[in-house]
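Enquirer: here is a sequence with its predicted model. Questions after.
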Amino acid sequence: MGVVAAVALAGAATLTVLRFVDTSARLPVMATSFASYAVLGFLLALVLLVVLVRRAGRLRPVVIAGLVLALVGAVAHGYWLAPLFAGASGARTDLVVMTSNLRFGLGDPNTVVRAVADGKVDVLVLEEVTPSELIALDRAGLAALLPHRAGEPVITAAGTMVFSRDRLRDARAIALGNGGIAVDVRAPRPFRLLAVHTSQPVAAATSWHDDLSEVKRQAAAAVGAGPTMVVGDFNATRDHPAFRKILGLGLHDAAEQADAGWQPTWPTASRARYLRPVITIDHVLVTRDFAGVRTRTVDVEGTDHHALVAELDRS
């Protein structure tokens with residue numbers, strides 16, 4: 001029991017430390033994606049150590065140190081996770097935004113269009129749109145629902161596109177590994193939208209880190225100019241320091257604002273039957289001009305990401 005507690009503590013402590021290490025090294029970046037799960041390791045160690053103390057009837061210095069570490073770790077992670085369950089949501093829905101990674105155009109177009117129609121989506125950000133997938137989406141009715149678009153389909157993973165109920169203006173590409181677009185959404189109250197899809201850290205961790213730095217640079221300029229939204233597949237969780245630097249610009253996670261709780265988006269069963277989403281790498285980030293009311297995920301057959309739908313209150 002003591003060995004299990006020690007292993008749990010060591011693993012949880014390692015993940016917690018990695019949460020503060022801003023690196024482009026592949027293995028640490030991958031491990032940091034799961035840093036939030038360290039709370040389970042701390043809680044397990046805490047329970048086991050308490051049982052050991054009750055059995056032994058006395059406290060040894062090493063056990064005391066373990067108890068303190070486990071308690072501090074559990075409290076710290078609880079503090080970091082709390083905003084997901086106790087945010088400040090908006091009062092009404094003025095704008096609905098959806099993002100979905102279509103996995104090289106394999107995502108079911110009918111599910112995507114149905115989610116757009118049922119959710120009354122105003123702005124849709126799609127990643128990995130291929131030419132054939134775009135044709136299928138339009139056949140399913142996307143063009144009728146969201147007639148304005150920016151970006152181009154690509155055979156590779158770089159097909160990032162924006163679809164909107166309102167006109168789009170001043171679109172330009174963002175130099176990201178998997179494509180990005182900056183565009184003005186001419187809604188009744190216009191805002192700047194950055195649609196992003198960073199490199200995959202498993203294959204190119206350095207490019208992934210560079211991409212997040214570029215997103216931060218682009219977002220800083222947009223936030224300084226007015227209402228801004230940054231939406232897409234970041235390939236990063238809130239535990240990555242590079243992602244938190246983007247939030248530090250004055251952006252807020254809509255899911256956090258909406259008290260959405262734990263809403264992992266990757267990987268889904270479409271990647272492998274036994275897989276279920278365990279980490280959140282798809283995000284809708286907004287300036288204080290918006291407030292998340294509700295967020296939910298949508299299972300899109302054929303892709304390895306859940307789509308994310310965010311209902312926003314335009315404050």
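Expert: In hand now; what should we look at?

Enquirer: show me where this structure has helices.
Expert: For the chain, the helices defined by DSSP state H cover 2-18, 26-32, 38-56, 61-81, 109-119, 131-139, 142-145, 201-225, 241-247, 254-257.

Enquirer: who's in contact with the longest one?
Expert: In this case it means helix 201-225. Outside helix 201-225, the residues that touch it by C-beta atoms under 8 Å, 6 or more residues apart in numbering are 23-26, 29-30, 174-178, 180, 182, 192, 194, 196, 198-200, 228, 230, 234-236, 240, 242-243, 245-246, 249-251, 285, 287. Yep, even glycine has a C-beta here, placed from its N, CA and C like the rest.

Enquirer: avg pLDDT for it?
Expert: Helix 201-225 carries an average pLDDT of 97.

Enquirer: give the buried residues for it.
Expert: 201, 204-205, 207-212, 214-216, 218-220, 222-223 (16 or more other C-beta atoms under 10 Å).

Enquirer: could you look over the helices of the chain and pick the most buried one?
Expert: Using mean count of other C-beta atoms under 10 Å, the stretch among these with the largest mean neighbour count is helix 254-257, at a mean of 26.

Enquirer: show me what that one is packed against.
Expert: Here helix 254-257 touches strand 282-286, strand 290-299, strand 306-314, going by 3 or more C-beta pairs under 8 Å, 6 or more residues apart in numbering; DSSP states H and E.

Enquirer: change it to 6 Å
Expert: On a contact count with 3 or more C-beta pairs under 6 Å, 6 or more residues apart in numbering; DSSP states H and E, helix 254-257 meets strand 290-299.

Enquirer: and the angle from the strand it packs on to strand 306-314?
Expert: Angle, strand 290-299 to strand 306-314, by axes from the mean of the first three to the mean of the last three C-alpha atoms, to 10 degrees: 160 degrees.

Enquirer: dump the residue contacts of the closest residue to residue 211 other than its chain neighbours.
Expert: Leaving aside its chain neighbours, residue 211 sits nearest to residue 198 (3.8 Å; criterion: C-beta to C-beta, 6 or more residues apart in numbering). Counting by C-beta atoms under 6 Å, 6 or more residues apart in numbering, residue 198 makes contact with 176, 208, 211, 234-235.

Enquirer: how about a cut-off of 8 Å?
Expert: 176-178, 208, 211-212, 215, 233-236.

Enquirer: can you give me the pLDDT of it?
Expert: Note on residue 198: pLDDT of 98.

Enquirer: could you chop the chain up by domain?
Expert: Residue ranges for the domains of the chain, per automatic domain parsing: 2-84, 95-314.

Enquirer: so what would you say the end-to-end distance of the first one is?
Expert: So the one you mean is domain 2-84. Terminal residues of domain 2-84 are spaced 33 Å apart (C-alpha to C-alpha, to the nearest Å).

Enquirer: tell me how many other residues crowd residue 57.
Expert: Look at residue 57: counted by other C-beta atoms under 10 Å, it has 6 neighbours.

Enquirer: any idea how far residue 67 is from it?
Expert: From residue 57 across to residue 67, the span is 15 Å (C-beta to C-beta, to the nearest Å).

Enquirer: repeat that for residue 112.
Expert: When residue 112 is compared with residue 67 (using C-beta to C-beta), they lie 50 Å apart.

Enquirer: OK, contacts around residue 13?
Expert: Counting by C-beta under 8 Å, 6+ apart, the residues that residue 13 touches are 38, 69, 73.

Enquirer: what is the nearest of the residues you listed to residue 18?
Expert: Nearest to residue 18 out of those is residue 38 (C-beta to C-beta; 9.1 Å).

Enquirer: quick one: contacts for that closest one?
Expert: Contacts of residue 38 by C-beta under 8 Å, 6+ apart are 11-13, 15-16, 73, 77.

Enquirer: what's the closest of these to residue 108?
Expert: Distance to residue 108, by C-beta to C-beta, is smallest for residue 15 among these, at 34.6 Å.

Enquirer: got the contact list for the nearest residue to residue 145 once chain neighbours are set aside?
Expert: Leaving aside its sequence neighbours, residue 145 sits nearest to residue 116 (C-beta to C-beta, 6+ apart; 5.4 Å). Residues in contact with residue 116 (C-beta under 8 Å, 6+ apart) are 98, 124, 142, 145-146.

Enquirer: just give me the closest of the residues you listed to residue 167.
Expert: residue 146 (11.3 Å).

Enquirer: residues near residue 86, how many?
Expert: When neighbours are counted by other C-beta under 10 Å, residue 86 registers 10.

Enquirer: please apply the same query to residue 106.
Expert: 15.

Enquirer: my guess is it contacts residue 268. True?
Expert: No: here residue 106 lies out of contact with residue 268, judged by C-beta atoms under 8 Å, at a distance of 11.8 Å.

Enquirer: shared neighbours, those two?
Expert: Shared contacts of residue 106 and residue 268, defined by C-beta under 8 Å, 6+ apart, are found at residue 303.
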